[in-house]
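A.B. asks: here is my input, please return the structure:
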Amino acid sequence: MQSSVKQKLLEAFSQADGDFVSGQVLAEIVGCSRTAVWKHIETLRNEGFQLEAVRKKGYRILTKPDKVTENEVLIGLQTNWLGKEIVYKETIDSTQKEALRLAQEDFKEGTVVIAEEQTAGRGRMTRVWHSPKHTGIWMSVILKPPLPPYKAPQFTLITAVAVVEAIMEVTGLTPEIKWPNDILINGKKVTGILTELQADADQIHSLIIGIGINVNQKHFPEELEEVATSLALETGETVSRSRLIQEILKNMEACYDIYMEQGFADIKKLWEKYAISVGKQITATTISATIKGKALGITEEGVLKLLDEEGTIHDIYSADIEINKAAD
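C.D. replies: All right, here's what the predicted structure looks like:
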């Protein structure tokens, strides 16, 4: 099915919100014959959609499979520009690598790369990200904000807020953000965010925001059991990955628009509301030093402010953070 035809059909069904859409209306929307519409409907059925057809009423979607292909994400997606172009891969080395390549080929802002499986998924500091097939969300978003490069770290925080609120909406869980890019549930990591920048000295060309979420895993490799969890393990239920992606993209677009129109202040308040480390005694391990102290919060640029035991305030730009449980 041609991408433009498919997207028009999915948008029509989404706007119908479960009601029937007549074959004639679909034909007018798509710009083809009713016979051609029927063929496209059959293609959707072959992809796992359950569609009901009733004479004189038309078609409606009853259920869609829990996949994260373009179709599953587009139908019901409530955004104006983010995620309208989706590049889906069954298996890929890294969505981040693919998104970086597409950004260099001038794919438009809001393009999202999604995969069912990554064979070389990665997190911060080139760490491996465990991303098995049909269990999680492995995706990268291309953003092109007309801003200087020093603003880039803010988008990690914007994304964290969007993901936390999406998880809350879909599962009812209460995640917490661990600066700079981890999202925890009950002290275990469920999400990682990786932001990579392409820029000149004074202008961002593209930001690639990688998001990895453990959704329906029932077990982890032994070395991860004590530090990682999944939404299914925490809720006891299977979670719809496509719905969660839709909520994340909707929230990301809303946060992005707020940020571009009003600045970082409102997003900063939300981030600090969800942050587990603010006000806590922490240990920050940077490339050059290990610093212990109280996390005071973040600056307008997303830099962590850390008050050490001698009363000196440190600006932490990048570090591994450990919360000291012995003292708050």
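A.B. asks: mind listing what's buried in the longest strand anywhere in the chain?
C.D. replies: Ranked by residue count and defined by DSSP state E, the top strand of the chain is strand 188-199. Within strand 188-199, the residues that count as buried by 16 or more other CB atoms under 10 Å are 188-196, 198-199. Using the backbone N, CA and C atoms, a C-beta is placed for each residue, glycine as well.
A.B. asks: let's have the residues you listed in TSV, adding distance to residue 110 and pLDDT.
C.D. replies: Below are the buried residues of strand 188-199 laid out as TSV (distance: CB to CB, whole Å; pLDDT from 0 to 100):
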residue	distance to residue 110	pLDDT
188	31	94
189	27	94
190	25	96
191	21	96
192	22	94
193	17	95
194	18	94
195	16	94
196	17	95
198	16	94
199	18	94
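A.B. asks: so which of those residues comes closest to residue 239?
C.D. replies: residue 190 (10.9 Å; CB to CB).
A.B. asks: who's in contact with the closest one?
C.D. replies: 167, 175, 183-184, 213-214, 228-231, 234 (CB atoms under 8 Å, 6 or more residues apart in numbering).
A.B. asks: nearest residue to residue 253 in space, please, no chain neighbours.
C.D. replies: Distances taken as CB to CB, 6 or more residues apart in numbering put residue 82 closest to residue 253, at 4.1 Å, once the chain neighbours are dropped.
A.B. asks: my error: substitute residue 303 in the last question.
C.D. replies: residue 315 (5.0 Å).
A.B. asks: do me a favour and average the pLDDT over the helix or strand that the longest strand of the chain is followed by.
C.D. replies: Remark: after strand 188-199, the chain's next helix or strand is strand 204-213, criterion DSSP states H and E. Across strand 204-213, pLDDT averages out at 96.
A.B. asks: whatever helix or strand comes next after strand 204-213 packs against which elements?
C.D. replies: Sequence-wise, the next helix or strand downstream of strand 204-213 (DSSP H and E) is helix 231-235. Judged by 3 or more CB pairs under 8 Å, 6 or more residues apart in numbering; DSSP states H and E, helix 231-235 is in contact with helix 153-171.
A.B. asks: how distant is the helix it packs on from the center of its chain?
C.D. replies: 8 Å (CA atoms, centre = their mean, to the nearest Å).
A.B. asks: that one to strand 188-199, inter-axis angle?
C.D. replies: 140 degrees (axes from the mean of the first three to the mean of the last three CA atoms, to 10 degrees).
A.B. asks: how about the contacts made by residue 201?
C.D. replies: Contacts of residue 201 (CB under 8 Å, 6+ apart): residue 149.
A.B. asks: so what touches the lowest-mean-pLDDT helix or strand in the chain?
C.D. replies: Lowest on mean pLDDT, DSSP states H and E among the helices and strands of the chain sits helix 3-16, with a mean of 79. The contact list for helix 3-16, computed with CB under 8 Å, 6+ apart, reads 21, 25-26, 29-30, 32, 37, 40-41, 43-44, 59-61, 70-71, 74-77, 84.
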